[in-house]
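> Provided below for reference: sequence and predicted model.
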Amino acid sequence: MIGYESETTPLHRLDPRSKLLGQFGFAVAALAADTPPVLGVLTALAVGGLAAARLTPWRVLWSYRFVLVLLATAPLFASLRLGPPWLDPEQAPGSVVAGYQVLLVLLVSAAYVRTTPVRETRAAIQHHVPGRLGQLLGVGVALVFRLFPVLLDDLRRARLALRARSGHGLGRVEWSRRLAQTGLSRAFERAATLSLALRARCFAWNPTPPRLRFRWPDYLLLVAAATLAVSPLLR
Amino acid sequence: MITVESLSHRYGDVTAVGDVSLTVEDGSFVVLVGANGSGKTTLVRQFNGLLTPDEGSVTVDGHDVGDEPVAARTSVGMVFQRPRDQFVAATVGADVRFGPENLGLNRAEIRRRVDDALAAVDMVDRKPDRVDRLSGGEQSRVAIAGALAMEPSHLVLDEPFTGLDLPARRSVLTRLDDLHEAGTGIIVVTHDLRDLLERADRLLAMSNGGLVADTTPTDLSPLRDVDVRVPDGR
């Protein structure tokens, strides 16, 4: 699971607001890209972003392996028809491209997650989206980033516990049912505990935000983000 | 000072705490003992409004906890039984900073509080470290720092030694001694009195939701019927 690591990479030093806008620009360009040369350029940018965050593509791909399975099977589902001839292979290439576009966005988001503390993300979102909606989005993102790794860890432990007690003898359906049941129950338990911890620490919708500061590399990133965002219109 | 008056708390039909009254003086070292399910955690969670009493009231430094929960939560810091349950951020610094940020303090004051709290638990150089990669003892110390950053007058620790090895246990005890010496009231919830008798000013015992003993470490006879672990020779 990719999470924030305190380091001193160039991406760590960027302001989270410019990083969010950079991601937005990249996502617009990636989702509009449909030719191999453009996808190639965007791939190079994404891999460069990962390198700047000291991440390897392999580590990110492994971390997103469950999403990759979905993306890999998407062309098959896209080719299915509800009547004869049941399969229409001509639909598959479009789905492959769409899957690759999503993958590029995921790679860039991994670099963001690795280099940005959650509290800074929350502050950046509240800056970009003013008012109650921004607060709600900021808190939502912060809670997801906090809860998701914990829930994954719980699932991993539940799987280990099943294995340790000879759960491998269970059928696939029974195994999945027990895992889902345990996972769901622990998710509720975790949510309740987190809510208690937040109250104990005087949770506020509008806490003192961390200091966010634009430096010259942030302006470069903004120019790049704007260029990427309008690039589909220029082709 | 924490004042509890005729407090009762029920979970459905089960009375977890029944008609408990007590006061805890500022700067005291109180140990609350009792077997599992005796109502200890339910009682202390009322001290800072994490639970609301069905009957009775709690006041902290003159503030009614029900009416002013934020004042109560800043006066009574709570360290949970499993420190990991208490963490709300990924790194040590961010987690300790979380409480003061919620109080809306200015950045210089937040920085001072975080540094002071981490210094008190000897973790000041560990701010960038991820909390999930710390040892059990270090996690306990960060959890204590998270509560200390609110600058509470009382610190409640719920079973703070569960799962800690001897060096980690000693390290936490040393921090508690320092805090107590600096004037912070300490309330330790436990079922194991080892290492605590020589520190405590007062022992409270709970059984079946009721306060059954209020004594001092020099007289353990009221604890005879309470299911707690007392050090050998006492």
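Nice, I can see it.

> For chain B, what lies in contact range of chain A?
Applying CB under 8 Å from any CB of the partner chain, one finds that chain B approaches chain A through B:48-50, B:69-70, B:73-74, B:78, B:80, B:85-91, B:94, B:97-107, B:110, B:128-130, B:132, B:146, B:150. Glycine gets a C-beta too; all of them are placed from N, C-alpha and C.

> In strands only, show me these.
If you go by DSSP state E, the residues of chain B next to chain A have B:Met78 in strands.

> Can you tell me the closest non-neighbouring residue to A:Leu196?
B:Leu50 (5.9 Å; CB to CB, 6 or more residues apart in numbering or on different chains).

> Check chain A for its longest helix and report it.
The longest helix of chain A (DSSP state H) is helix A:131-164.

> Tell me which other helices or strands whichever helix or strand comes after that one touches.
The C-terminal neighbour of helix A:131-164 among helices and strands, as given by DSSP states H and E, is helix A:172-200. Applying 3 or more CB pairs under 8 Å, 6 or more residues apart in numbering or on different chains; DSSP states H and E, we find helix A:172-200 packed against helix A:131-164, helix B:69-75, helix B:83-86.

> Output the contacting helices and strands for the longest one.
Using 3+ CB pairs under 8 Å, 6+ apart as the contact definition, the elements that helix A:131-164 packs against are helix A:118-128, helix A:172-200.

> next one: it to chain centre, how far?
Centroid separation for helix A:131-164 versus its chain: 13 Å, with CA atoms, centre = their mean, to the nearest Å.

> quick one: buried residues of that helix?
Residues of helix A:131-164 classed as buried: A:134-135, A:138-139, A:142-143, A:145-146, A:150-151, A:154-155, A:158-159, A:162 (neighbour count, 16 or more other CB atoms under 10 Å in any protein chain shown).

> coming back round to it: could you tell me which of the residues of chain B next to chain A are located in helices?
Those of the residues of chain B next to chain A mapping onto helices are B:69-70, B:73-74, B:85-86, B:94, B:97-102, B:107, B:110, B:146, per DSSP H.

> Buried ones among these?
Those of those that meet the buried threshold are B:69-70, B:73-74, B:85-86, B:94, B:97-102, B:110, B:146, by 16+ other CB under 10 Å.

> Find the least confident helix or strand in chain A, judged by mean pLDDT.
Lowest on mean pLDDT, DSSP states H and E among the helices and strands of chain A sits helix A:131-164, with a mean of 85.

> and that helix with helix A:172-200, angle?
140 degrees (axes from the mean of the first three to the mean of the last three CA atoms, to 10 degrees).

> Just the terminal-to-terminal distance for stretch B:127-147.
16 Å (CA to CA, to the nearest Å).

> And stretch A:9-25, by the same measure?
21 Å.

> Buried ones in that stretch, by neighbour count?
A:9, A:11-12, A:14-23, A:25.

> is it possible to export those to a markdown table including pLDDT?
Output for those, formatted as a markdown table (pLDDT from 0 to 100):
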| residue | pLDDT |
| --- | --- |
| A:Thr9 | 90 |
| A:Leu11 | 92 |
| A:His12 | 92 |
| A:Leu14 | 94 |
| A:Asp15 | 95 |
| A:Pro16 | 94 |
| A:Arg17 | 94 |
| A:Ser18 | 95 |
| A:Lys19 | 95 |
| A:Leu20 | 94 |
| A:Leu21 | 95 |
| A:Gly22 | 95 |
| A:Gln23 | 95 |
| A:Gly25 | 96 |
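
> Now do the contacts for residue 87.
Using chain A. A:Leu87 is in contact with A:Ser79, A:Leu80, A:Arg81, counting by CB atoms under 8 Å, 6 or more residues apart in numbering or on different chains.

> Switch to chain B, please.
B:Phe87 neighbours (CB under 8 Å, 6+ apart): A:Ala197, B:Asp95, B:Val131, B:Asp132, B:Gln139, B:Val142, B:Ala143, B:Gly146.

> same thing but at 10 Å, please
B:Phe87 makes contact with A:146, A:150, A:194, A:197, A:201, B:80, B:94-96, B:98, B:130-132, B:134, B:139, B:142-143, B:146, according to CB atoms under 10 Å, 6 or more residues apart in numbering or on different chains.

> Next to chain B, which bits of chain A? Give me the list.
A:3-8, A:117-120, A:123, A:142-143, A:145-146, A:149-150, A:153, A:189-190, A:192-211 (CB under 10 Å from any CB of the partner chain).

> Can you tell me the closest non-neighbouring residue to whichever residue of chain B sits closest to chain A?
Residue nearest to chain A within chain B (CB to the nearest CB): B:Pro128, separated by 3.4 Å. With CB to CB, 6+ apart as the criterion, B:Pro128 has its nearest non-adjacent residue at 3.4 Å, and that residue is A:Ser6.

> who does the helix or strand containing A:Phe66 touch, helix- and strand-wise?
Here A:Phe66 sits within helix A:65-79, counting by DSSP H and E. Counting contacts by 3 or more CB pairs under 10 Å, 6 or more residues apart in numbering or on different chains; DSSP states H and E, helix A:65-79 packs against helix A:57-63, helix A:92-115.

> by how many degrees do it and helix A:92-115 diverge?
Using the same axes, to 10 degrees: helix A:65-79 against helix A:92-115 is 160 degrees.

> Hmm, B:Phe80 is touching A:Arg199, no?
No: when contacts are counted by CB atoms under 10 Å, B:Phe80 is not listed as touching A:Arg199 (11.8 Å).

> which of those two has more neighbours?
Under the neighbour definition other CB atoms under 10 Å in any protein chain shown, B:Phe80 and A:Arg199 were set side by side, and B:Phe80 has more, 24 against 16.
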